[in-house]
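*Asks:* prediction below, plus the sequence it came from.
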Amino acid sequence: MKLVDILNSIDSFHILMNEPIKANVAFRLSKISKKIESQANIFGDLKSKMIEKYGEKNGDGGKHVTKDMKNWKKYEKEITDLLNEEVDLNFKKITLSSISNVKLTPLQIEAIGWLIQE
């Protein structure tokens, strides 16, 4: 799966983490949560470094990136390449029936589709 898929699923994943579910499923989700958090932290660190590298100074002394800056294309390519990086979380999927009591929207289910086997 791609890093972008993991990042896009974080909100829906947190909903699952806050719902009462069977202990074995909660255990799996807890282990997966640590892996997701690790990937998100790595992404955040790398994104910060890219902003530092390509960004322009703003009024408060920090840096930011916008589409109208001269390094936008370089930043955009590098961040896109990073988001498209393949990531292997190496986990056991959960069944849809094991989370049937959790209320999720179709969009939320789509976001965590990589986690579920039917």
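*Replies:* Received, thanks.
*Asks:* downstream of the helix of greatest length in the chain, the next helix or strand is which one?
*Replies:* In terms of residue count, the longest helix belonging to the chain (DSSP state H) is helix 23-54. Tracing the chain past helix 23-54, the next element assigned as helix or strand by DSSP states H and E is strand 56-57.
*Asks:* check the offset of the helix or strand following that next one from the chain's centre.
*Replies:* Per DSSP H and E, the first helix or strand lying C-terminal to strand 56-57 is strand 63-64. The chain centroid and the centroid of strand 63-64 are separated by 22 Å under CA atoms, centre = their mean, to the nearest Å.
*Asks:* quick one: buried residues of whichever helix or strand comes after strand 63-64?
*Replies:* Per DSSP H and E, the first helix or strand lying C-terminal to strand 63-64 is helix 72-83. For helix 72-83, burial by neighbour count (16 or more other CB atoms under 10 Å) applies to 75, 78-79, 82-83. C-betas here are computed from N, CA, C, even on glycine.
*Asks:* I'd like the next helix or strand past helix 72-83.
*Replies:* Per DSSP H and E, helix 72-83 leads on to strand 94-95 as the next helix or strand towards the C-terminus.
*Asks:* sorry, back to before: tell me which residues in the longest helix of the chain are buried?
*Replies:* 25-26, 28-29, 32, 36, 39, 43, 47, 50-51, 54.
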